[in-house]
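[1] Model the following, please.
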Amino acid sequence: MSGISPEPIAVRESAISSSPRTKQPPNAKAIPVPFEYTASDDGTDENLLVLLHGLGDTHIPFAKLGKQLKLPQTATLALRAPEQIPYLYEQAYQWYESFDLLGEMLERPNPTSALDLLTKVLAHLTETCHWPPDRIHFFGFAQGGSVACEVAVKWWRAQLEKQQKSRIQSEEASNQDVVTPKAIGSIVTIAGPLLSYPTLQTLCPTPLLVLHRPSPAQTSLPASALTAYKKAFSNVSEVKLPKGEGMPRSREEWEPIMRFWSEKLSRRQVEGLYEVMSGSAPVPK
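    Prediction:
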């Protein structure tokens, strides 16, 4: 581990937050998979970073990563995927069915079960734990990155539907306000492509950072992946990592992620203002 002190890039003011400074930890009865939640080191839970591991892993190393990052005013939640990979005796999990009966990777997997799970998690976080949706951020590796992107699109689509319903009700009752849709705060996906072909009249405004390695690495992306992202998200940034495999490892490979978080994570001030993240945050090697 090595330290980095990113300079503040911008400061933005906002209304005084209506959410509590410290949040209620997630309840194991409401989240049907193992998880590890860690409140912010500095005692102010302004952001929540949800970490989703890749195929064949567990939440444990990602929980450790979340703690090592020590992002200011940021709690972390590492979730374990719901399904154990068949015929493996080790702790190896998948977010959705990934292999056919012959053990070959499915070309068109169905992530519905994972999206249903994460939709329940988001409902619990926003309704019970009082996290505003725009303060919830996702970091996903490979399959976990795909699930993060898909659930953000699903969440946004549901928000648009609520807005449309409230608009109709407002026309019927003139004193009713129209709901303002609220998107997820941001997503970092490491080589996790979209699995669907989204069709949205209003693109999801959640900022998306896509990192991938050059082919033939397992963490490479097909050329069509960026096109698919841009059909779902209005704010897509791409970073091409050096040759290699797996998660970002060096300070240089983590730097664009830390810079992205410095722009997207918020910071609560005593006066009720928010500014982007500044200060020290260790970067994994």
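[2] Okay, strands next: where are they in the stretch 151-285 of the chain?
    186-190, 208-212, 236-240, 266-268, 274-276 (DSSP state E, counting those that start in this stretch).
[3] Out of the ones you listed, which gets the lowest mean score?
    Ranked by mean pLDDT, the strands of the stretch 151-285 of the chain bottom out at strand 274-276, with a mean of 44.
[4] Generate CSV for the strands of the stretch 151-285 of the chain, with mean neighbour count and distance to Val179 as supplementary columns.
    Placement of C-beta: from N, CA and C, glycine included. What follows is the strands of the stretch 151-285 of the chain, written out as CSV (neighbours: other CB atoms under 10 Å; distance: least, CB to CB, whole Å):
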stretch, mean neighbour count, distance to Val179
strand 186-190, 26, 22
strand 208-212, 24, 24
strand 236-240, 16, 26
strand 266-268, 22, 22
strand 274-276, 18, 23
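[5] Of those, which is nearest Tyr229?
    Tyr229 lies closest to strand 236-240 among these, at 4.8 Å (CB to CB).
[6] Check which helices and strands that closest one sits against.
    Counting contacts by 3 or more CB pairs under 8 Å, 6 or more residues apart in numbering; DSSP states H and E, strand 236-240 packs against strand 208-212, helix 224-232.
[7] circling back to that earlier point, now the strands of the stretch 151-285 of the chain in JSON lines, with distance to Phe139?
    Shown next, in JSON lines, are the strands of the stretch 151-285 of the chain (distance: least, CB to CB, whole Å):
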{"stretch": "strand 186-190", "distance to Phe139": "5"}
{"stretch": "strand 208-212", "distance to Phe139": "9"}
{"stretch": "strand 236-240", "distance to Phe139": "14"}
{"stretch": "strand 266-268", "distance to Phe139": "16"}
{"stretch": "strand 274-276", "distance to Phe139": "17"}
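[8] picking up where we left off before, out of the helices and strands packed on strand 236-240, which is closest to Arg167?
    Nearest of those (CB to CB): helix 224-232, 22.7 Å.
[9] Surely Lys70 is in contact with Leu49?
    No: contact criterion CB atoms under 8 Å: Lys70 and Leu49 do not qualify, at 11.1 Å.
[10] more neighbours, the two?
    Comparing Lys70 with Leu49 by other CB atoms under 10 Å, the one with more neighbours is Leu49, at 24 against 17.
[11] ok, the closest residue to Pro133 other than its chain neighbours - how many residues close by?
    Nearest in space to Pro133, with sequence neighbours left out and distances taken as CB to CB, 6 or more residues apart in numbering, is Lys182 at 4.4 Å. Applying other CB under 10 Å, we find 16 residues neighbouring Lys182.
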